[in-house]
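coordinates only, sequence not included:
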């Protein structure tokens with residue numbers, strides 16, 4: 001359950017575009033097209049003189065409508081304020097680092113930048129200086145790829161690429177007016193298209209007062225209509241600095257911590273009891289959730305008002321539909337929270353896969369408040385105030401980069417596959433990016449096929465056994481690593497090569513420190529020991545009356561040889577009716593017993609009962 005990889009953050013980009021008095025036809029040189037655009041806007045010197053901007057307008061996104069304000073100063077300072085009622089956010093960049101104040105008023109600084117972010121900031125500065133317009137540039141290459149229609153208008157298609165990273169911009173410039181009709185941008189795996197219109201002349205610039213941006217990953221659409229645009233206004237640079245943090249939205253019951261809170265580790269997920277009012281429910285802890293979430297069923301039980309229609313991304317890039325609500329005050333043992341804005345999602349299919357009802361996901365809005373200690377071997381959680389906590393152990397420190405509310409960490413698989421990985425305590429296992437797996441030949445290895453599910457839809461997976469995993473200065477032997485086996489565009493290179501999950505983390509005691517953007521990692525009591533894994537090749541979901549139903553049978557595994565089929569309803573195991581077992585968790589644990597263990601299953605298929613003989617075996621040998 002990789003859960004929410006991210007919840008889309010709202011961004012604003014105001015572009016200036018050129019117009020010409022007379023249209024040019026049969027242009028073949030992209031640099032000539034750019035030059036005409038610059039000249040129509042008063043020339044390149046005028047464009048370079050555009051150093052600051054201020055805009056106001058309305059923003060419509062996810063069924064919500066509100067206001068925005070944005071200040072910018074070239075090359076890389078910015079501040080944007082968004083107010084959508086139930087959702088408010090301010091984010092900025094002071095030229096040294098980024099910062100964001102989330103929808104619940106918590107400031108998060110992003111000062112430790114990873115390599116992809118550093119390169120992107122370098123590109124941003126070069127773009128602001130119009131380096132791409134230089135035909136002799138050592139960084140940029142500009143090509144005219146053809147003429148295409150955009151909303152029945154012929155447009156020159158100009159693509160801008162660079163040799164620093166794989167990011168690209170494709171501009172669709174109207175062949176009659178030379179105004180920008182549409183742009184497509186790729187940054188890592190993130191892709192979006194933006195339509196522009198309602199151009200107005202401001203101080204010699206042609207400014208689009210309307211734009212519509214669509215994330216091609218999540219499908220989220222946001223529409224901006226400007227009501228004010230100021231060119232080169234005086235701007236106090238202090239406005240780009242982080243907002244001073246005032247107060248906290250939580251408190252400890254005693255002192256500056258809540259320690260040794262027990263959790264259940266089921267299916268390689270961390271489950272804790274959360275109390276909302278008088279209702280105690282099971283929630284999952286998830287550093288891979290960009291926002292705290294509750295199930296739609298629990299939101300209705302609480303009588304919450306649901307607003308908006310957001311789009312997010314789940315495991316393997318699957319799309320997730322979300323709404324927003326205000327959650328009343330809630331608590332865990334030793335720590336109490338004020339009311340918070342949370343995301344609401346349909347968790348029915350996810351809970352069927354887990355095997356019991358999970359009411360919510362404790363994500364960024366919860367975890368970012370603390371230093372969170374997870375002791376996997378002893379099944380305890382501790383939460384500390386980052387302002388007073390002092391670490392006295394001998395663990396290894398790991399710098400983390402925060403992007404879209406999710407941590408990234410460096411790690412190396414098999415001594416070769418090194419890069420940045422999403423740090424995801426909501427993921428049961430460690431996984432590679434699907435396109436990365438294809439490019440590096442993992443799909444040609446001996447694969448154990450499977451079915452994955454996060455907060456989005458189900459997806460097919462492949463799993464392989466590696467030789468080693470190096471993380472935080474430690475080495476883990478024989479790791480199992482999975483990847484999505486769906487269609488992967490290998491031309492798109494994600495900033496991350498995969499996601500680290502709990503099959504890795506369970507070897508350790510881990511301190512997650514959002515305030516200081518770091519991890520502290522210690523060897524756990526079960527460091528580098530063999531952990532139970534499935535030895536059957538069959539996967540279940542919770543069916544009616546909590547009866548296990550087969551949802552996937554991996555080819556060539558013991559389950560396939562025994563004759564299991566998708567849709568089989570399990571009635572009994574070794575002569576004992578499944579209603580006497582402790583749900584799916586107990587069944588799954590049985591199938592993690594030693595290779596050679598034999599079982600007799602009775603399943604119902606097409607209204608008839610069948611007996612299936614299953615002998616467990618190691619799936620990776």
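Ah, there it is. Computed from a predicted structure; not experimentally measured.

Report the next helix or strand after the top strand by length along the chain in sequence order.
Under DSSP state E, the strand in the chain containing the largest number of residues is strand 190-202. Next helix or strand after strand 190-202 toward the C-terminus (DSSP states H and E): strand 205-215.

And that following strand, how far out from the chain middle?
26 Å (C-alpha atoms, centre = their mean, to the nearest Å).

Show me which residues of it are buried.
Neighbour-count burial for strand 205-215 flags 205, 206, 207, 208, 209, 211, 212, 213, 214, 215 (criterion: 16 or more other C-beta atoms under 10 Å). (Glycine included, C-beta is placed from N, CA and C.)

Need the residues you listed in a markdown table (columns: distance to residue 190 and pLDDT).
As requested, these are exported to a markdown table (distance: C-beta to C-beta, whole Å; pLDDT from 0 to 100):
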| residue | distance to residue 190 | pLDDT |
| --- | --- | --- |
| 205 | 28 | 89 |
| 206 | 27 | 89 |
| 207 | 25 | 91 |
| 208 | 22 | 93 |
| 209 | 25 | 97 |
| 211 | 17 | 97 |
| 212 | 17 | 97 |
| 213 | 12 | 96 |
| 214 | 12 | 94 |
| 215 | 7 | 92 |
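
Identify the residues contacting the helix or strand harbouring residue 122?
Per DSSP H and E: residue 122 is located in helix 115-128. The contact list for helix 115-128, computed with C-beta atoms under 8 Å, 6 or more residues apart in numbering, reads 74-76, 113, 132, 139-140, 162, 164-165, 167, 187-188, 401, 403, 420, 495.

Select only the buried ones of these in PyMOL?
Buried residues within the contacts of helix 115-128, by 16+ other C-beta under 10 Å, are selected in PyMOL with:
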select buried, resi 74+76+113+132+140+162+165+167+187+188+401+403+420+495
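
Which of the contacts of helix 115-128 fall in helices?
Assigned to helices by DSSP state H, none of the contacts of helix 115-128 qualify.

can you give me the helices for the stretch 251-400 of the chain?
For the stretch 251-400 of the chain, the helices defined by DSSP state H, counting those that start in this stretch cover 296-302, 348-354, 364-367.

Quickly compare those and say which is most buried.
The highest average neighbour count among those, using mean count of other C-beta atoms under 10 Å, belongs to helix 364-367 at a mean of 25.

so what secondary structure elements neighbour that one?
On a contact count with 3 or more C-beta pairs under 8 Å, 6 or more residues apart in numbering; DSSP states H and E, helix 364-367 meets strand 340-345.

So what's the gap between the strand it packs on and the chain middle?
Using C-alpha atoms, centre = their mean, the offset of strand 340-345 from its chain centre is 16 Å.

Ok, stretch 28-48 next?
Taking C-alpha atoms, centre = their mean, one finds stretch 28-48 lying 38 Å from the centre of the chain it belongs to.

do stretch 337-354 as well
That offset, for stretch 337-354, works out to 16 Å (C-alpha atoms, centre = their mean).

One more: stretch 81-90?
Offset of stretch 81-90 from its chain centre (C-alpha atoms, centre = their mean): 20 Å.

so can I have JSON lines of the buried residues of strand 205-215 showing distance to residue 477?
Output for those, formatted as JSON lines (distance: C-beta to C-beta, whole Å):
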{"residue": "205", "distance to residue 477": "60"}
{"residue": "206", "distance to residue 477": "61"}
{"residue": "207", "distance to residue 477": "59"}
{"residue": "208", "distance to residue 477": "56"}
{"residue": "209", "distance to residue 477": "60"}
{"residue": "211", "distance to residue 477": "52"}
{"residue": "212", "distance to residue 477": "51"}
{"residue": "213", "distance to residue 477": "46"}
{"residue": "214", "distance to residue 477": "45"}
{"residue": "215", "distance to residue 477": "40"}
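
Among these, which one sits closest to residue 468?
Among the buried residues of strand 205-215, residue 215 lies closest to residue 468 (C-beta to C-beta), at 36.5 Å.

show me what contacts that closest one?
Per C-beta under 8 Å, 6+ apart, neighbours of residue 215: 8, 190, 191, 192, 221, 311.

so what's the third one up against?
Under the criterion of C-beta under 8 Å, 6+ apart, the neighbours of residue 191 are 184, 185, 215, 216, 217, 492.

Just grab the bridge partners of it for me.
Per DSSP bridges, the residues bridged to residue 191 are residue 186.

quick one: it from residue 494, how far?
From residue 191 across to residue 494, the span is 11 Å (C-beta to C-beta, to the nearest Å).
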